[in-house]
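Undergrad: sequence first, predicted model second:
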Amino acid sequence: MAKQAQTFFLENWLGSHSGCSSNFSPSGSSSSARAIIQAWADLRDCFQKQSFGPQHLQSLESLINSQASLYVADPQAKLLLSILSSTRISPPPESYPLVFRLLYIWIRKSSKPSLELIDLAIKVISHLVSTCFDSNKSSYLFSEVVVLLGALSFSPSVSEKSKTLCLELLCKLLEENNQFIGSSEQHTLTVLAGIAYALSSSGNVYFVRIMDSLFRIWNREDGPHGSVSDGLLILHMIEWVLSNFIQSHSLARVEAFSKFLAASNPHHASFAVVMAAAGALRASSRSASNALRQLRISAEEKIETIARGLISGTGLLVKSGNDPRKSLLFRGIALALARSGAVSFRPPLLICVVSALLTEIFPLRTFYTRVLQYQNGSLVQFGLNEVKEHLNSAPFKEAGAITGAFCNQYASADEENRRIVESLIWNYCQDVYSGHRQVAWMLRGREDELLVDLEKIAESAFLMVVVFALSVTKQKLNTKLSQELQMDISVKILVSFSCMEYFRRMRLPEYMDTIRAIVVHVQQNESACVSFVESMPSYSDLTGQRGFSNLQRMEYEWAKDEVQTSRILFYLRVIPTCIECLPVPAFRKVVAPIMFLYMGHPNGKVTRASHSMFKAFISSGKDSNEDERILLKEQLAFYYIQRSLEGYPGITPFEGMASGIASLVRHLPAGSPSIFYTIHSVVGKAHDLCQEIMSQEGEFWKNPQVESEPCKKIQDLLLRLLSLVDIQALPSLMKQLAQLIVMLPQDGQNMILNELYVQVAESDDVTRKPILVSWLQSLSYLCSQATTASSEGAGYKEYGSFARSDGVLSLNRVSSRL
């Protein structure tokens, strides 16, 4: 609060702390020194000639434009008061607020203003208010009068008599003219600055009157409706006032405020009381004095009382519905907790803040419902500006702080209230997933800007879910809770993360920490693994447009559903971490169909994850002789090879397929029919790819860039399999690979033979190296014979015939040697 004393205009401080802009900030345009001198000269001329013309109004405006650097001395203040009190001068109504502003600058910037001038100012203002104010009422004039009266009462030079007159006049203005407050954010800011000055200088009687008027302003039918910005202004105004009391050790005034706050009055606006209580909490947080303890207790109890009344008679999730006052109160309580520092746990506060987060801060369900109402017509009725305004609102911008306050309340909550808010958050994730799927499908390509704005809200909601989930894991895992409850919580968090995965646009340490903590528990429990896997949408749900309208179903394509794809990608990445304890029936029934479905997805990340899933399953159960698992591996291998190769090249990523095939031949039992089928299929695919390029020029085989070509990659995979397949399958692989090699042009043969020479030479496998050496020698001889026959033949067809007849016969002799 040290910086507050250096601020000439309190409204600037209030505006900067509450997020409201002030028209009187130093960033405004400024007049030159010559213009300022001329303006004062014109005003002196006005008084001397006893005539007020348009040029004098311009002079006032010129001075106001320079208020940041303007200093109004006592003689100049006396000139202004003389103009106002002259019976022969009739200034226009629009000049009064300007003159009052200049007098406000005088009283705030003067270190020791004249006592006589202060008394004269109060007398002139009192006369003008009683005679002219009724006919020239405006919110602008009202706000300038209030802030000037407040500043005069706050001046150290004012006498007690003048202060009393000043406060009495200000109280009457507030009690009789509250309709002028709230007409604009700027005028409200100015009025509250005046009230803050007055509260800081008043005794108990006027303090209570002013506070009573303040709390009544937003509860009258003819008064303003209130807004979040009004609430923040009240919060920081009370903070400023109480901080002044605390710094000046005026604890009696602090106690008076505490008693006033604790009293109940049905005529007080609840949201104004909540924000004032938050201001008291914020001011008291700067000191650990026992004298402020009662202030904190009163403030917390007042917020709790209002929150309890707000949630009484409702279900688990409190909704504001179409009641703007309830909506404002929810947002006010959320901001109050966010800006008040540590607040003791109170059940109504926990329920209110989670309700505010889910219905007011992240109102996605409301937005989705309204968007879908117009799916057959125009979205003009919904309004893009409404979503943009929400993105720019103070509650949304402070979503992080509100989430922090929510998690602090949760950490201190009892188990029953924890379960309530956990259920609300997990259900919210499910609703967002379901709603955004439909809205994204409907808006993409039609209302892209609206969709982007909705996703900005959803991205922030995702961050809230992650932070809350991390808090849950810290509070409930590795505790005295039963193993069953811990598993249930872990699964629910994973399912919620899967629903929100589409909105994860950045790397979050909190996200990874939560995943790691949960997976450690889930992968140790079979029932938890099954529960998580069974939460995945079924194959029929993924492809059957469940949850979409009839119109959307006609256009639906599962591969283009990005929200659903992101959720499945989450499962494909997490399930491999707990594959060891996942029962075979669950994998066969739930995981396998989806895994093979998404192997054909056009998104590379998804297909790679699907191949990684297959690899993880094939590699699982190393220490188990479970016949059912081995049988399923054999069955899936056949379809995996078929599904992978039919999409290569194109959809199937080579790295994913290669890792899957390598895992297959490494982990299936020796001599497995699946391994022989794999060898045959891969060689057949390589043969088809080679046939496609055989008609190309020979330079194809000499080009170094050929390594990136599908044909070369398949050939490299076959060479790698020579060191991976079991001894029983090795002869079949050598035979079929030799058949493939001898059909290639000489450049292709030489390239592969060179690679084979290197691979065999570097091998340290004492079992298969002698076999490969003998085979490679025979293969080299066959290739040389094939080259000779090709050069003597009449063309490619004759060469091809040799490769398929004589070559096969020769290779059969090689196979017999092996």
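TA: Right, received. Where do you want to start?
Undergrad: from now on I want contacts and neighbour counts done on CA atoms only, so please keep to that.
TA: Noted.
Undergrad: got the buried residues for stretch 280-299?
TA: Within stretch 280-299, the residues that count as buried by 16 or more other Cα atoms under 10 Å are 280-285, 292, 295-296, 298-299.
Undergrad: let's see which of these end up in helices.
TA: The members of those that map onto helices under DSSP state H are 280-284, 295-296, 298-299.
Undergrad: I'd say residue 563 and residue 437 touch.
TA: Yes - using Cα atoms under 8 Å, residue 563 is in contact with residue 437, at 5.6 Å.
Undergrad: what about the stretch 101-250 of the chain, any weak spots by pLDDT?
TA: Along the stretch 101-250 of the chain, the parts satisfying pLDDT under 70 run over 132-136, 178-179, 182-183, 222-223.
Undergrad: before we move on, the earlier item: mind putting the buried residues of stretch 280-299 in JSON lines, distance to residue 657 and pLDDT included?
TA: Output for the buried residues of stretch 280-299, formatted as JSON lines (distance: Cα to Cα, whole Å; pLDDT from 0 to 100):
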{"residue": "280", "distance to residue 657": "64", "pLDDT": "94"}
{"residue": "281", "distance to residue 657": "61", "pLDDT": "94"}
{"residue": "282", "distance to residue 657": "60", "pLDDT": "93"}
{"residue": "283", "distance to residue 657": "63", "pLDDT": "92"}
{"residue": "284", "distance to residue 657": "64", "pLDDT": "89"}
{"residue": "285", "distance to residue 657": "60", "pLDDT": "84"}
{"residue": "292", "distance to residue 657": "68", "pLDDT": "85"}
{"residue": "295", "distance to residue 657": "68", "pLDDT": "90"}
{"residue": "296", "distance to residue 657": "64", "pLDDT": "92"}
{"residue": "298", "distance to residue 657": "67", "pLDDT": "92"}
{"residue": "299", "distance to residue 657": "64", "pLDDT": "94"}
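Undergrad: go through those residues and name the one nearest residue 42.
TA: Of all those, residue 42 sits closest to residue 283, with 46.0 Å by Cα to Cα.
Undergrad: quick revisit: need the buried residues of stretch 280-299 in CSV (columns: distance to residue 429).
TA: Output for these, formatted as CSV (distance: Cα to Cα, whole Å):
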residue, distance to residue 429
280, 35
281, 33
282, 33
283, 37
284, 37
285, 35
292, 41
295, 39
296, 35
298, 36
299, 33
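Undergrad: which among those residues gets closest to residue 601?
TA: Once Cα to Cα is applied, the member of those that ends up nearest residue 601 is residue 282, at 53.7 Å.
Undergrad: residues touching that closest one, list them.
TA: For residue 282, the contact set (Cα atoms under 8 Å, 6 or more residues apart in numbering) comprises 239, 339-341.
Undergrad: can you redo those as TSV with neighbour count and secondary structure?
TA: Shown next, in TSV, are the contacts of residue 282 (neighbours: other Cα atoms under 10 Å; DSSP: H, G, I helix; E, B strand; the rest coil):
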residue	neighbour count	secondary structure
239	25	helix
339	21	helix
340	20	coil
341	18	coil
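Undergrad: hmm, who's touching the helix or strand containing residue 540?
TA: In the assignment (DSSP states H and E), residue 540 maps to helix 539-543. Applying Cα under 8 Å, 6+ apart, the contact partners of helix 539-543 are 557-558, 564, 590, 593-594.
Undergrad: that older thread, what is the nearest of the ones in helices among the buried residues of stretch 280-299 to residue 274?
TA: Comparing these against residue 274 with Cα to Cα places residue 299 closest, at 8.2 Å.
Undergrad: I'd like to know how far residue 118 sits from residue 77.
TA: Distance, residue 118 to residue 77, by Cα to Cα, to the nearest Å: 10 Å.
Undergrad: hang on, the earlier thing: mark which of the contacts of helix 539-543 are buried, thanks.
TA: Among the contacts of helix 539-543, those buried by neighbour count (16+ other Cα under 10 Å) are 564, 590, 594.
Undergrad: which one is the first one nearest to, not counting chain neighbours?
TA: To tie it back to what came earlier, the one meant is residue 564. residue 437 (6.9 Å; Cα to Cα, 6 or more residues apart in numbering).
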